[in-house]
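J.: got a predicted structure plus its sequence, pasted below:
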Amino acid sequence: ELEAARNAASKDDLRSPICCILGHVDTGKTKLLDKIRQTNVQEGEAGGITQQIGATYFPVEALEKKTDVVNKDKSFEFKVPGLLVIDTPGHESFTNLRSRGSSLCNIAILVVDIMHGLEPQTLESMKLLRDRKTPFIVALNKIDRLYSWKPIANNGFRDSLSLQNKAVQNEFRDRLEKTKLAFSEQGFNAELFYENKSMAKYVSLVPTSAHTGEGIPDMLKLLVTLTQERMTRQLMYLSEVECTVLEVKVIEGLGTTIDVVLSNGILNEGDRIVLCGTEGAISTDIRALLTPAEMKELRVKSQYVHNKTVKAALGVKIAANGLDNAIAGSRLLVVKDKDNEDEIEELEEDVMSDLENLMSKISPS
Ligand code: GDP
């Protein structure tokens, strides 16, 4: 179970980028996530994709397979060790994945329904992405709904489009141009991904269908391109822990646990951690670092596998005492010297400085 974590730290020491998905309701965020996670039923086709807590890890081998149809000559070279995709779509997971105002989500997919164009929550998402300076690509989803679209399952978009009749191609162009105009009205210049000459200046639009899988190979390749070309600095491996609480959950037999995304560094069983709580800072020792059991391990009777140590980037569940008042979105810090009261106090002050900000985000329910 540690293999994924180890892979994530290899390859010139770039870590895996973390990707979030957001956009208006019903644009197909959930379906797109399902579709990229999907593996061929045949043995081995999964290519090491691992389900994690709150996230799915795609090692580079899996990405290579899934982009094969648009990289037949293998001219595109993968430099990242993999990609960690956050499973929960939407605003909340994105805003929770923050640290000191900057986002722990390295790259985002903004999903737009090609039949609807920009909708209210699309605009909200764009504002969030702009505020956090998060690079993103746009999945122009539901292309299979273009009138009389003939699908070729999991094909590259460009090839699929070239095989459509003229009327379909015209409808596509028409909707594409409308979308580009709508983006420019919001202050973003957008281009169809294979017509985009500058990823620094233009947002790439990648047409997709979460139903037929068309365009998804292009989307994955584009995510990797953007991270490799534009953000290697953020993806340098650090010894310092960068970790954010995604969810606080009570689990039978474990008590209150926190699901975290470890975006950099290493966590060990027994580490003293400090995080932000509604009733003051929480300092506690990690009792267990848990990741989901794989199918073949299900005989072990527990849903979870215990890890002595985990390495970024990955999602992991932490069991520890005293987590009842932990707050989603809180940073998690690790104490270097457990006997150093001053250090602990300093870290406690540090995490609690986020309290106001975090509380203002908790919507009254
Ligand atoms: P979310 O609210 O953004 O997570 O959207 P969902 O993934 O739940 O999808 C909303 C609806 O749109 C569902 O009925 C999906 O089956 C449908 N849908 C999603 N993606 C596509 C697509 O690519 N093509 C078509 N035709 N329908 C889609």
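T.: Received the coordinates, thanks. Numbering: from 1, shown residues only.
J.: show me what contacts the nearest residue to residue 192 once chain neighbours are set aside?
T.: Using C-beta to C-beta, 6 or more residues apart in numbering and skipping the chain neighbours, the partner closest in space to residue 192 is residue 205 (5.4 Å). In short, each C-beta sits where N, CA and C put it, glycine included. Listed by C-beta atoms under 8 Å, 6 or more residues apart in numbering, the contact partners of residue 205 are 137, 138, 140, 176, 179, 180, 190, 191, 192, 193.
J.: shouldn't the fourth one be in contact with residue 140?
T.: Yes. Because the distance of 7.3 Å satisfies C-beta atoms under 8 Å, residue 176 is recorded as touching residue 140.
J.: the two - which one has more neighbours?
T.: residue 140 (29 against 18; other C-beta atoms under 10 Å).
J.: quick check, the more buried one in a helix?
T.: No. Counting by DSSP: H, G, I helix; E, B strand; the rest coil, residue 140 is not found in a helix; it is strand.
J.: do you know how far it is from residue 244?
T.: Look at residue 140 and residue 244: by C-beta to C-beta, to the nearest Å, they are 30 Å apart.
J.: equivalent analysis for residue 354, please.
T.: In terms of C-beta to C-beta, residue 354 sits 10 Å off from residue 244.
J.: list residues touching both of these two?
T.: 329, 330, 331.
J.: who in this structure is up against the ligand?
T.: 25-31, 89, 141-142, 144-145, 209-211 (C-beta under 6 Å from any ligand atom).
J.: from the residues you listed, keep the buried residues only.
T.: 27, 28, 29, 30, 31, 89, 141, 142, 144, 209, 210, 211 (16 or more other C-beta atoms under 10 Å).
J.: lowest-confidence entry in those residues?
T.: Lowest pLDDT of these: residue 89, 82.
J.: confirm that it sits in a strand.
T.: No. Secondary structure of residue 89 (three-state DSSP): coil, not part of a strand.
J.: residue contacts, it?
T.: 20, 21, 22, 23, 29, 30, 33, 111.
J.: picking that back up, neighbour count for residue 354 and residue 244, which is higher?
T.: Higher neighbour count among residue 354 and residue 244: residue 244, with 23 against 19, using other C-beta under 10 Å.
J.: got the phi and psi for that one?
T.: Torsion angles at residue 244 (phi, psi; degrees, to the nearest 10) stand at phi -130, psi 140.
J.: mind checking how far it is from residue 49?
T.: From residue 244 to residue 49 the distance is 23 Å (C-beta to C-beta).
J.: all the strands of the stretch 201-350 of the chain, residue numbers only.
T.: 203-207, 242-251, 255-264, 266-268, 272-275, 282-285, 288-292, 304-307, 309-311, 314-319, 332-334 (DSSP state E, counting those that start in this stretch).
J.: could you find the closest non-adjacent residue to residue 320?
T.: residue 284 (4.4 Å).
J.: surely the one you found and residue 321 touch.
T.: Yes. Assessed by C-beta under 8 Å, residue 284 is found in contact with residue 321 at 5.4 Å.
J.: more crowded one of those two?
T.: residue 284 (17 against 11).
J.: give me the beta-bridge partners of that one?
T.: residue 273 (DSSP bridges).
J.: now do the same contact list for it.
T.: Residue 284 is in contact with 272, 273, 320, 321, 322, 323, counting by C-beta under 8 Å, 6+ apart.
J.: which residues touch residue 317?
T.: Residues near residue 317 by C-beta under 8 Å, 6+ apart: 53, 249, 251, 257, 258, 259, 260, 289, 290, 291, 304.
J.: pull the number of nearby residues for the residue nearest to the second one when sequence neighbours are not counted.
T.: With C-beta to C-beta, 6+ apart as the criterion, residue 249 has its nearest non-adjacent residue at 5.6 Å, and that residue is residue 257. Counted with other C-beta under 10 Å, residues neighbouring residue 257 total 22.
J.: how close does residue 257 sit to the ligand?
T.: In this view, residue 257 and the ligand are 26 Å apart by C-beta to the nearest ligand atom, to the nearest Å.
J.: what sits against that residue?
T.: If you count contacts by C-beta under 8 Å, 6+ apart, then residue 257 has 248, 249, 250, 251, 290, 317, 318, 319, 320, 323 around it.
J.: quick one: the fifth one and residue 53 touch, right?
T.: Yes. Proximity of residue 290 to residue 53 meets the contact threshold set by C-beta under 8 Å, at 7.3 Å.
J.: joint contacts of these two?
T.: In contact with both residue 290 and residue 53: 316, 317, using C-beta under 8 Å, 6+ apart.
J.: any low-confidence regions in the stretch 51-200 of the chain?
T.: Within the stretch 51-200 of the chain, the ranges that satisfy pLDDT under 70 run 98-103.
J.: and the residue of it nearest the ligand?
T.: residue 142 (3.9 Å; C-beta to the nearest ligand atom).
J.: for that residue, what are its contacts?
T.: Residue 142 makes contacts with 27, 28, 113, 114, 115, 209, 210, 211, as judged by C-beta under 8 Å, 6+ apart.
J.: helix, strand, or coil at the fifth one?
T.: Okay, so that is residue 115. From three-state DSSP, the assignment for residue 115 is coil.
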